[in-house]
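1. got a predicted structure here, sequence first:
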Amino acid sequence: MKSAPPLRSNRFLAVACGVLLLVAAGACSRESTGTTSSGPAASVGAGADNGVLVGADQPRSDSDFWSAYAGYLGPKAAAVGVKLDNTSSDNDSDRLKANVDTLLSKDVKALIIAPQDTAAVKPAITAATAKHVPVISVDTRPDSGGAYMVVRADNRAYGTKSCIYLGETLKGAGKVVEFQGDLSSINGRDRSEAFAQCMSTRYPGIKVIEIPTDWQGDRAVSGLQDKLLTDPDINGIYMQAGGVFLQPTLALLKRSGKLVKAGQPGHITIVSNDGIKAELDAITAGDIDATISQPADLYAQYATVYAKAAIDGKKFAPGPTDHGSTIIDTGVGGMLEDQLPAPVVTRNGGKVGELDTLPPTAPGLWGHGG
């Protein structure tokens with residue numbers, strides 16, 4: 001289990017230490033679903049009974065990653081004295097705005113959101129700003145700024161590391177399918193742009209076949225099915241989100257006779273992004289080869305930590321933190337982003353090119369409850 005050492009601000013020491021003690025006591029447990037403002041949010045607990053009220057919108061319920069995040073959020077909120085009022089926007093920016101309006105009417109003191117369309121979230125943030133309610137943005141960075149803190153990993157590094165893994169493993173030759181995330185999201189843009197740049201400059205012998213998906217598993221497998229017919233020699237796949245792409249992709253490869261174990265002739269090298277348990281199991285089984293573990297537990301933890309810090313009027317500055325991350329200035333209206341660590345996981349761990357990787361059994365990987 002990951003601990004929660006104090007943040008960079010000395011004034012924040014007491015809050016962070018409280019997190020450390022409570023998380024060590026079992027913050028990885030799941031709580032039952034709490035009462036929500038607009039229908040059930042996926043397995044989100046209500047946090048601390050007598051805590052300060054924070055509104056939390058769950059972005060979607062069709063992904064194992066986001067279901068895991070939802071499960072962590074309640075215990076993490078309880079650890080820092082935050083009471084949650086939960087909503088669910090189901091990947092709909094209009095619903096997110098409506099949920100934010102509802103939460104603001106309940107006099108929440110801060111908001112935790114994870115906007116899937118990072119341009120369309122502007123009205124929601126504007127509404128919160130008008131009521132002096134700070135916003136924590138998890139996983140994605142609002143295009144127009146306005147968040148008190150963005151809790152995220154370096155998504156350009158996801159694209160670059162995935163490129164390096166495939167490029168080194170395939171020895172710089174072949175055809176790689178890329179399931180692109182929604183390009184209206186900064187995550188989709190960052191991963192796609194970094195992957196393309198890395199491939200073109202470092203591995204020009206690899207042809208990249210881009211499949212736009214809007215984060216939809218059915219679009220990914222439909223595109224892959226077509227490409228397997230026109231390009232039967234595809235030998236690599238980059239999945240930008242294992243939580244929505246993994247299972248339908250493996251099912252399609254199995255039906256097509258293309259699901260060959262790692263190390264055997266005809267194996268398609270697959271690297272994913274998320275770090276869910278199903279990915280770790282698939283790596284162990286030899287069905288896929290690598291993932292980048294996006295820290296769902298730390299996203300929930302520091303979303304609530306920064307929400308409480310914002311309510312308490314604390315300030316942060318760019319630079320390294322004491323929890324293994326770096327706060328950066330996004331260059332958008334002074335908005336800061338805490339870039340949390342996201343390790344590469346491979347079957348045996350160790351070096352792949354310049355990448356340092358961990359095995360699926362490594363302690364601290366949230367996907368297996370470590």
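-> Happy to help now that I have it.

2. and the strands in the stretch 251-370 of the chain?
-> Along the stretch 251-370 of the chain, the segments classed as strands by DSSP state E, counting those that start in this stretch run 269-274, 290-293, 319-320, 326-329, 336-339, 344-346, 350-352, 355-358.

3. quick one: closest of those to S222.
-> Taking C-beta to C-beta, strand 269-274 is the member of these nearest to S222, at 17.6 Å. Heads up, the C-betas are built off the backbone N, CA and C, glycines and all.

4. so what does the closest one touch, helix or strand wise?
-> helix 155-169, strand 236-239, helix 242-255, strand 290-293 (3 or more C-beta pairs under 8 Å, 6 or more residues apart in numbering; DSSP states H and E).

5. would a markdown table of those with distance to G324 and mean pLDDT be doable?
-> As requested, these are exported to a markdown table (distance: least, C-beta to C-beta, whole Å; pLDDT from 0 to 100):
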| stretch | distance to G324 | mean pLDDT |
| --- | --- | --- |
| helix 155-169 | 14 | 97 |
| strand 236-239 | 26 | 97 |
| helix 242-255 | 23 | 95 |
| strand 290-293 | 13 | 97 |
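
6. number of nearby residues for the closest residue to L280 other than its chain neighbours?
-> Spatial nearest neighbour of L280, excluding adjacent residues (C-beta to C-beta, 6 or more residues apart in numbering): P360 at 4.1 Å. When neighbours are counted by other C-beta atoms under 10 Å, P360 registers 24.

7. could you do the one 5 residues further on as well?
-> When counting by other C-beta under 10 Å, one arrives at 22 neighbours for L365.

8. my read: it touches D281, true?
-> No - contact between L365 and D281 fails when scored by C-beta atoms under 8 Å: they sit 11.9 Å apart.

9. so the residue nearest to L280 sits against P343, correct?
-> No - applying C-beta under 8 Å as the test, P360 and P343 come out as separate, 11.2 Å apart.

10. of the strands of the stretch 251-370 of the chain, which is nearest D101?
-> For those, the distance to D101 is smallest for strand 336-339, at 25.6 Å, taking C-beta to C-beta.

11. so what strands line up beside the closest one?
-> Here strand 336-339 is paired, per DSSP bridges, with strand 149-152 (parallel), strand 326-329 (antiparallel).

12. with distance to D218 added, can I get the strands of the stretch 251-370 of the chain in TSV?
-> Shown next, in TSV, are the strands of the stretch 251-370 of the chain (distance: least, C-beta to C-beta, whole Å):
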stretch	distance to D218
strand 269-274	17
strand 290-293	21
strand 319-320	41
strand 326-329	35
strand 336-339	31
strand 344-346	26
strand 350-352	31
strand 355-358	31
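
13. what would those look like in a markdown table with distance to S137 and mean neighbour count?
-> What follows is the strands of the stretch 251-370 of the chain, written out as a markdown table (distance: least, C-beta to C-beta, whole Å; neighbours: other C-beta atoms under 10 Å):
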| stretch | distance to S137 | mean neighbour count |
| --- | --- | --- |
| strand 269-274 | 19 | 27 |
| strand 290-293 | 20 | 27 |
| strand 319-320 | 20 | 10 |
| strand 326-329 | 14 | 16 |
| strand 336-339 | 9 | 20 |
| strand 344-346 | 25 | 23 |
| strand 350-352 | 32 | 14 |
| strand 355-358 | 27 | 16 |
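
14. closest to V44 out of those strands?
-> Nearest to V44, of all the strands of the stretch 251-370 of the chain, is strand 269-274, at 18.9 Å by C-beta to C-beta.
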